[in-house]
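*Asks:* Predicted structure and sequence below. I'll ask about it afterward.
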2 protein chains.
Amino acid sequence: MDILALAPIAGALALVFVGYLAFHIARQDSGTERMKDIAEAIREGATAYLSRQYRTLAVFVIAVAVIVMLALDYRISIAYVAGSVCSVLAGFIGMRVAVLANVRTANAARKSLNKALSLAFKGGAVMGMSVVGLGLLGLSAFYYLYEDPNLIIGFSFGASSIALFARVGGGIYTKTADVGADLVGKIEAGIPEDDPRNPAVIADNVGDNVGDVAGMGADLFESYVSSIIATMIIGATVYGTKGVILPLLVAATGVLASIVAAFLVRTRERADPSFALNRGTFSACGLVTVAAYLMIQYVMGSDSGLGIFYATLSGLIAGVIVGVTSDYYTSGSRGPTRSIAKAARTGAATNVMTGFSYGMISTVVPVIGISLATLIAWYSAGIYGIAISAVGMLSITGMVVAADSYGPIVDNAGGIAEQSGLGKEVRKVTDALDSVGNTTKAICKGFAIGSAALTAIALFSAYSQVSGIETLDVLNPHVTLGLLIGAAIPALFCGLAILAVGKNSFRMVEEVRRQFREIPGLMEGKARPDYSRCVDISTKGALRELIAPGISAIAAPLIVGFIFGRHALGGMLAGSIVTGLILALFMANAGGAWDNAKKYIEAGNLGGKGTATHASAVVGDTVGDPFKDTAGPSLNILIKLMSIVALVFAPLFVMYALA
Amino acid sequence: MDILALAPIAGALALVFVGYLAFHIARQDSGTERMKDIAEAIREGATAYLSRQYRTLAVFVIAVAVIVMLALDYRISIAYVAGSVCSVLAGFIGMRVAVLANVRTANAARKSLNKALSLAFKGGAVMGMSVVGLGLLGLSAFYYLYEDPNLIIGFSFGASSIALFARVGGGIYTKTADVGADLVGKIEAGIPEDDPRNPAVIADNVGDNVGDVAGMGADLFESYVSSIIATMIIGATVYGTKGVILPLLVAATGVLASIVAAFLVRTRERADPSFALNRGTFSACGLVTVAAYLMIQYVMGSDSGLGIFYATLSGLIAGVIVGVTSDYYTSGSRGPTRSIAKAARTGAATNVMTGFSYGMISTVVPVIGISLATLIAWYSAGIYGIAISAVGMLSITGMVVAADSYGPIVDNAGGIAEQSGLGKEVRKVTDALDSVGNTTKAICKGFAIGSAALTAIALFSAYSQVSGIETLDVLNPHVTLGLLIGAAIPALFCGLAILAVGKNSFRMVEEVRRQFREIPGLMEGKARPDYSRCVDISTKGALRELIAPGISAIAAPLIVGFIFGRHALGGMLAGSIVTGLILALFMANAGGAWDNAKKYIEAGNLGGKGTATHASAVVGDTVGDPFKDTAGPSLNILIKLMSIVALVFAPLFVMYALA
């Protein structure tokens, strides 16, 4: 079928677009010497982290590749390595350009809001388009090579392995630095955010890139390729070749729609920049709906086409529902966040309790949305419908990642503006851009969680098919056992991730305190702090603390699968998806709400900065930081990784399991 | 079968024992006039709460009874009312005697540790024996009357309704008072715990009885009768009459074992009183194991008897595992709690984060224990085995509730000693008794959660049988939908319960602040605060804030059952049990650990009281209070209540559901 060529073409086009954007950004002026210095320090820190991470990763990837080759098939092993490399490459490109874009955005903010917005968004679009471009190109190449989706799954497993490191490690990195910088800097020393006297400030800026750009990119790269492959695997059985190529083609239409939509992100001076970003996202949704409809009708014919289209659309709508709910529960202009801010008047404890409660409550609507989408998808097109609804949701990944990576770039731009003393006017522009970034961030986090859940459900369906499970009966005690144990794993993972941040930020706090104590003239701004020591603590700690949760995520499905059998493992996947989804939504939304409650007070409400109310809100914000930026996003990885491990090793469980 | 008479005889014996204990306690001296005054105030507050609660309850119970009569069967309706009345009666007796025992324990502490321990334990035993006595007597009576367990289920539904009010309402009450008293008293005004100048102090003392005595009693009353009935329902199909009467007889052996064990709770002066309590609990376990073995062999014969015994034993062991794990994660002498205390050195946020993490991690071992118990029970005796394992665990309910109710009695005794100025020596005795109370409390909370989970699983199994579900296939999208929505409900419930405490304690804080501001001489101890206003705020608020979570717990299974069908409802029960169990364990253990981390610091470690570290630990403790005493225990009720609603209305879903 010639139409299939559209998939690699769209992928290649996305990469051409990346080249154009990168070239355009690099040509912009990066401002004063001081600005260049700071940007250079951030770039160095980010590179240092990446290179150390890559070395650890290389060992890990090679080891797993050998195991896969020996236990399963060398072709899966090759796809595994390729998937890892593509994910790393996407993260590397995205981050390199992001650290070019941040200082240029700060410089552009000296002249024009529109120019700054446009640059920051272009920087984000590099990450977004790298993800979808490399994802689609890689998958198409392996499809031409292998033709069998059960071998291509290795590509997805590779993406998962990288996502584990990039998302969980990145999450630990960024919060170690952030908590360390805030606890000593803001609270003990009483100096403002992004103050150059704070030894952890560069590590904090690096963390934005490491966690929010590279981490989010790897997370969605994984969802993107996994949802497509899961659909291909199911499609092969249900519809033959047509069913296999359709997800690639739907994804291709999504890439084209995202490229077109990216050109619509621009704003006028004095206009609300959030309008520009939302226009981009909703245009992408609209375009992809029309294009996917035509594509599905063309490939599948009018018989099964309409049902599959409805399934695809239900996923896209579920994504919007999750995003909008996240926005409602975390926006500073809505009831929940305002209540959390008000609760800070009676102290830190009531602030924490209220944020916790709204976070819990915020899980209900997205869960109903996702479960109804699953039901509709199933009635429209059976199990294939469930899988392709994930593809539908993820078709706009390019645009979503672009809008999300915009956030840390303008955050960094603000930091650079502050540290180089660019003055209040410039800071006002970067703050305006940043406040938009926070809403988009919340929406994208919701999107990342929703898509992870749908992807995991798709992978779970594929696992059941591949391992020959006809019914997964909850009344079977093996399934019950799996369900219960699976449900506990996200809790374990969360706990370990937050403890990791706690332990590591404790080291950071000690170091920052030591520098304030031992470097004479630091507080007066006469001496330079030793930024690199702090960067180093974040880096080393992130990789070390990653080990325990990482191993448990890979080992748990293998142990349960081999000891209690494939039905127990199926139950375990179901259990982990269920609690993983709930906890991820809770953590993202509670964290976002605490953050914005603090910002609401800082905007002058309820007494503003410097009051006891504000100090209480800072506690909530600090608790929420590892919730929303470490543990919560890590759960996306966990549920997908466990499902992929199950799917990859399914043939072995069927043969060798004890039960 | 004549042997069945043993069930009502054991029940009656338990009530005779209650009478003896109550008479013995009432005869003791209640000390000085000041002590009597305070005890009277607590008694009045408790009675005021109960009478208001009963009035609300009466309306609710009558309304539900009419619905059940019209929709199902008048016999179920009668059993429903009887179950409600028995639960209310147990709570009433337990609490009335507890508020007699507290002041007498304080008085006894002036003379002897052993006397005080013995009195407090006897007070607790009244609650424990009332629960099992009324439960067993009521169930036996209805069995003689109806012979059909499917009609007796109404008794269990009644117990559930009361548990909802007593546990959720009581939980909101107690934490409203506690948080209110602590936030203003300890933190703002800087006066110690239980200081008579604090206007919320009486409400706080009442709360201990309302939440921890009556609430816990109603919770375990519900588990107790529900696990027995679920086993009876399943037994009727699997083994006929033998299968129906066996759970009643196993429960009867447990009652007898608990009575014997209660006599073993005594200590020497200067001995560690925890030894005495543990001796009681473990003796009960040992006795019931032997007695249950003989009873099962006698009733079932050696063919199926051994398997059923193993199933019974596996539940009992799971209970011990959950309890021991709770102790490990919450004990002040263990690693987790010490780490939480240490984390307070870097502030409230790190203290909260660390407690949160260990709470999450603490869920793993109990979940593995419960799931293995379920698996073993199933392999030993099929679905009947799963149900009777819950009965096995709950056979020692009498002893567990006794040891647990001991906690609030000595807590109250300490409060009375403090407020009446009995001096340091007396306070030292009550503190020694109290510190034991905290460990038993943690263990009992674990036991309550574990038994709620096993009971809910038993009810869920009975539901599947009654509604004719052969397989509950997770790959069926109705089940998936149910699973996802069910998983979100405990989160919603938690969120609502904690918000309720937040809202209500906010009112309390305002009131306490007002009294400190407006009553002249209060701070100097010259004027008496208006205790009753605070009691009133707690009472009204608890009942008002109960409405939203209560309605959602009853409405959710009905909505899902009627719209999406019985399979979706089955999935929903499974989802809610799974996340309900995880969240309940998390909340109980995190809350207990924060509490004991604070106490560890107060014992003089890490700088002790009055330091910034201590202030940070107080924040964690305050956050943990509604976790462990409101939201966490409420989840026990939620998962059982939803399962019972499903089971009671199962015939209607089969006939009238849309899907």
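*Replies:* It's in. Values in this document were obtained by computation on a predicted structure and should not be read as measured data.

*Asks:* Number of residues surrounding the residue of the stretch 51-200 of chain A found nearest chain B?
*Replies:* Of all residues in the stretch 51-200 of chain A, the one sitting closest to chain B is A:L183 (6.1 Å; C-beta to the nearest C-beta). The way it works is simple: take the backbone N, C-alpha and C, and place the C-beta from them, glycine included. The local packing of A:L183 (other C-beta atoms under 10 Å in any protein chain shown) involves 24 other residues.

*Asks:* Where does pLDDT dip in chain A?
*Replies:* A:1, A:269, A:437-439 (pLDDT under 70).

*Asks:* Nearest the middle, which residue of it would you pick?
*Replies:* A:M216 (2.7 Å; C-alpha atoms, centre = their mean).

*Asks:* Now that it has come up, it's in contact with A:A448, right?
*Replies:* Yes. Contact criterion C-beta atoms under 8 Å: A:M216 and A:A448 qualify, at 6.6 Å.

*Asks:* Mind listing the shared neighbours of these two?
*Replies:* A:P633 (C-beta atoms under 8 Å, 6 or more residues apart in numbering or on different chains).

*Asks:* Get me the contact residues on the stretch 501-650 of chain A for chain B.
*Replies:* Counting by C-beta under 8 Å from any C-beta of the partner chain, the stretch 501-650 of chain A comes close to chain B at A:501-502, A:505-506, A:509, A:570-571, A:574-575, A:578-579, A:581-582, A:586, A:618-619, A:622-623, A:626.

*Asks:* same thing but 10 Å
*Replies:* Counting by C-beta under 10 Å from any C-beta of the partner chain, the stretch 501-650 of chain A comes close to chain B at A:501-503, A:505-506, A:509-510, A:513, A:552, A:564, A:567-568, A:570-571, A:573-575, A:577-583, A:585-586, A:590, A:615-616, A:618-627, A:631.

*Asks:* Spit out the contact partners of A:V479.
*Replies:* Counting by C-beta atoms under 10 Å, 6 or more residues apart in numbering or on different chains, A:V479 touches A:469, A:471-473, A:486, A:564-565, A:567-572, A:574-575, B:472-474, B:574.

*Asks:* how about a cut-off of 6 Å?
*Replies:* For A:V479, the contact set (C-beta atoms under 6 Å, 6 or more residues apart in numbering or on different chains) comprises A:472-473, A:567, A:571.

*Asks:* Neighbour-wise, give me the winner out of those residues.
*Replies:* Of these, with other C-beta under 10 Å as the count, A:G571 tops at 32 neighbours.

*Asks:* quick one: contacts for it?
*Replies:* A:479, A:482-483.

*Asks:* Switch the contacts of A:V479 over to TSV; also include distance to A:Y224 and secondary structure.
*Replies:* Formatted as TSV, those follow (distance: C-beta to C-beta, whole Å; DSSP: H, G, I helix; E, B strand; the rest coil):
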residue	distance to A:Y224	secondary structure
A:L472	26	coil
A:D473	32	strand
A:H567	30	helix
A:G571	27	helix
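
*Asks:* Out of those residues, which is nearest to A:P408?
*Replies:* A:G571 (38.2 Å; C-beta to C-beta).

*Asks:* Whatever residue of the stretch 551-659 of chain A ends up closest to chain B: neighbouring residues, count only.
*Replies:* Nearest to chain B, among the residues of the stretch 551-659 of chain A, is A:T622, at 3.6 Å (C-beta to the nearest C-beta). Residues lying near A:T622 (other C-beta under 10 Å) number 29.

*Asks:* before we move on, what about the one 4 residues further on?
*Replies:* Here the count is done by other C-beta under 10 Å, and A:P626 has 32 residues near it.

*Asks:* The helix or strand that contains it packs against which elements?
*Replies:* Following DSSP states H and E, one finds A:P626 within helix A:612-626. Where contact means 3 or more C-beta pairs under 6 Å, 6 or more residues apart in numbering or on different chains; DSSP states H and E, helix A:612-626 is packed against helix A:170-180, helix A:348-361, helix A:547-602, helix B:348-361.

*Asks:* and the gap between the residue nearest to A:V299 when sequence neighbours are not counted and chain B?
*Replies:* The shortest distance from A:V299 to any non-neighbouring residue, by C-beta to C-beta, 6 or more residues apart in numbering or on different chains, is to A:L246 (5.2 Å). In this view, A:L246 and chain B are 20 Å apart by C-beta to the nearest C-beta, to the nearest Å.

*Asks:* May I see the buried residues of stretch A:527-535?
*Replies:* Neighbour-count burial for stretch A:527-535 flags A:529-531, A:533-535 (criterion: 16 or more other C-beta atoms under 10 Å in any protein chain shown).

*Asks:* right, and A:G207 touches A:T176 too?
*Replies:* No. If you go by C-beta atoms under 6 Å, A:G207 and A:T176 don't touch, sitting 7.5 Å apart.

*Asks:* Run through the residues that contact the residue nearest to the centre of chain A.
*Replies:* For A:M216, the contacting residues are A:D404, by C-beta under 6 Å, 6+ apart.

*Asks:* Tell me which helix or strand it sits in.
*Replies:* helix A:216-238.

*Asks:* and the very next helix or strand once past that helix with helix A:216-238, angle?
*Replies:* Downstream of helix A:216-238, the next assigned helix or strand under DSSP H and E is helix A:241-262. For helix A:241-262 and helix A:216-238, the angle between their directions (axes from the mean of the first three to the mean of the last three C-alpha atoms, to 10 degrees) works out to 150 degrees.

*Asks:* Quick one: distance of helix A:241-262 to the chain centre.
*Replies:* Relative to the chain's own centre, helix A:241-262 is displaced by 21 Å; criterion: C-alpha atoms, centre = their mean, to the nearest Å.

*Asks:* And the next helix or strand past that helix?
*Replies:* Per DSSP H and E, helix A:241-262 leads on to helix A:273-330 as the next helix or strand towards the C-terminus.

*Asks:* From the contact counts, what lies against that following helix?
*Replies:* Against helix A:273-330 (3+ C-beta pairs under 6 Å, 6+ apart) you get helix A:241-262, helix A:364-394, helix A:397-419, helix A:424-466, helix A:547-602.

*Asks:* got the phi/psi numbers for the residue of chain A positioned farthest from its centre?
*Replies:* Most distant from the centre of chain A: A:P520, at 40.7 Å, with distances by C-alpha atoms, centre = their mean. Dihedral angles of A:P520 (phi, psi; degrees, to the nearest 10) stand at phi -70, psi 140.

*Asks:* and the gap between it and chain B?
*Replies:* 25 Å.

*Asks:* ok, and the closest non-adjacent residue to that residue?
*Replies:* A:A527 (6.4 Å).

*Asks:* What distance do you get for the one you found to chain B?
*Replies:* Counting by C-beta to the nearest C-beta, the gap from A:A527 to chain B is 25 Å.

*Asks:* Ok, A:S30 next?
*Replies:* A:S30 is 36 Å from chain B, where distance means C-beta to the nearest C-beta.

*Asks:* now that residue, what's its secondary structure?
*Replies:* In three-state terms, and counting by DSSP: H, G, I helix; E, B strand; the rest coil, A:S30 is coil.

*Asks:* any idea how far it is from A:I38?
*Replies:* Distance of A:S30 to A:I38, given as C-beta to C-beta, to the nearest Å: 10 Å.
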